[in-house]
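1. Fold the following.
(one chain, ligands or ions: 1)
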Amino acid sequence: MSLLIDAIGELSTQHLTGEASPASGEGAGVLRDAAVVLDGERIAWVGRSADAPAADERFDAQGRAVLPGWVDSHSHLVFAGDRTAEFEARMAGQAYAAGGIGVTTAATRAASDGELRRLLAARVAEAVAGGTTYLETKTGYGLEVGHEARSAVLAAEAVDEVTYLGAHLVPAGADPEAYTDLVCGPMLDAVRPHVRWADVFCEAGAFTEEQSRRVLAACRDAGLGLRVHGNQLGPGAGVRLAVEFGAASVDHVNFLDEGDIAALADSWAAWADGGAAGAPGTVATVLPACDLSTRAPLAPARALLDAGVQVAIASNCNPGTSYTSSVSFCVTTAVLQMGLTVQEAVRAATFGGALALRRHVGADADGQRAVGSIAVGHRADLHLLDAPSATHLAYRPGMPLTHAVWRAGTRVR
Ligand code: NIG
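-> Okay, the predicted model is just below:
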């Protein structure tokens, strides 16, 4: 069954290689008076409305804007409990500290499988309703072998990509070195069948550089792709470690020095824009909602882009530092507060997220289609705004602009 989505006022393809991309002549990756044909789960055609082929069904976009669905490459959705009191204390002046993770860990361990499954499904539904069509989430509120494995299993049922974050916090009373051994050994073995990625919170109050290095090496040796929580609460080794280990992404990046930015930029030196050639480097993933909720210095997204670093924008939805899955809000904030243009922010929240998850191109090995950009053969993940252009995301902050969402060719909103 094919579907023609016609009369699109502005189509942000975010597909920049040129190979399968329509020649717009109107700025990289943007087409006006456009149409897209979906065939099953894939995009079958992209171009001008006037040239659109016939299809089994037609949807009239009535001049609205279409974007790729958001690719949210950083979230922590497997949790129970509430941290409103901690948030209130923070708004009254208390600083964020990693220790709050322990509060959520206790509540998560106490929840039944059914309760966690229900909470997770509700959070995924909220994300989809806001235009997210590809979603990563992490373990990290179990922090014990059985509970981390349970989180991984539940996450794998509900989202597209699962990350092992046993190295989120050393549980109260545990010896840090012995706990790191557990993360690198029996816990890794237990979660390994259910996850594609591993992450480590490399920060004062969480894991030291040496402990982080051990976690990254063990997880790399187990065949997992790597991600790092780095430079969130202060300057540190997170960014350099991520680059050294060839991590796909380093996330937060609030406290960077010139050397950190240069290391990230160097990691992209061999890559040609669009991903057609060369090995991708380490994406800098910024988390604007988290920066606001923790009253942290905003991550320097503008400086990173200017230095040639590929940037992703993600929600970091979690109960401690960013209790929102609204990528639209994050994009709005990146434009209004971080100095990105609308198209730079949209790209970071679509193609950038895909790059951070290494899904910007299709993978024959596991039959996965590319996500995060609109081109022939890519997964049919589309976000139709109730607005004539993506600019309205920043121009009308906070307005509910998601009109319709297709995920793998199926209308989900
Ligand atoms: O990405 N920084 C570490 N992890 C989360 C916060 C987790 C929590 O406080 O519960 C984050 O911000």
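2. Tell me the span between the first and last residue of stretch 320-333.
-> 19 Å (C-alpha to C-alpha, to the nearest Å).
3. measure the one residue in the stretch 301-413 of the chain that gets nearest to the ligand to residue 166 for me?
-> Nearest to the ligand, among the residues of the stretch 301-413 of the chain, is residue 320, at 2.3 Å (C-beta to the nearest ligand atom). All C-beta atoms are positioned from the backbone trio N, CA, C, and that covers glycine. Distance of residue 320 to residue 166, computed by C-beta to C-beta, to the nearest Å: 17 Å.
4. ok, now residue 40?
-> 38 Å.
5. And those two? Which one has more around it.
-> Taking other C-beta atoms under 10 Å, residue 40 and residue 166 do not tie; residue 166 has more neighbours (31 against 12).
6. doesn't that one fall inside a strand?
-> Yes: read with DSSP: H, G, I helix; E, B strand; the rest coil, residue 166 is one of the residues of a strand.
7. Check the gap between the spatially closest residue to it that is not a sequence neighbour and the ligand for me.
-> Distance criterion C-beta to C-beta, 6 or more residues apart in numbering; nearest residue to residue 166, sequence neighbours excluded, is residue 183 at 4.2 Å. Residue 183 sits 15 Å away from the ligand, going by C-beta to the nearest ligand atom, to the nearest Å.
8. how many other residues sit next to residue 183?
-> So residue 183, with other C-beta under 10 Å, has 27 neighbours.
9. tell me the secondary structure for residue 329?
-> Residue 329 ends up helix, using three-state DSSP.
10. which ones are touching it?
-> With contact taken as C-beta atoms under 8 Å, 6 or more residues apart in numbering, residue 329 is in contact with 288, 289, 398.
11. returning to what we had before: burial measure for the residue of the stretch 301-413 of the chain closest to the ligand, as a count.
-> Residue 320: 24 neighbours (other C-beta under 10 Å).
12. close enough to count as contact, it and residue 83?
-> Yes: the pair residue 320 / residue 83 is scored as a contact, 5.5 Å apart, by C-beta atoms under 8 Å.
13. Now the common contact residues for the two.
-> 100, 104.
14. Other residues contacting the longest helix seen in the chain?
-> Counting by DSSP state H, the longest helix found in the chain is helix 113-129. By C-beta under 8 Å, 6+ apart, the residues outside helix 113-129 that reach it are 72, 75, 77-80, 108, 111, 135, 137, 150-151, 154-155, 157-159, 315, 317, 325, 327, 402, 405, 407, 412-413.
15. Could you list which residues are in contact with residue 384?
-> Contacts of residue 384 (C-beta under 8 Å, 6+ apart): 5, 61, 64, 65, 66, 402, 403, 404, 405.
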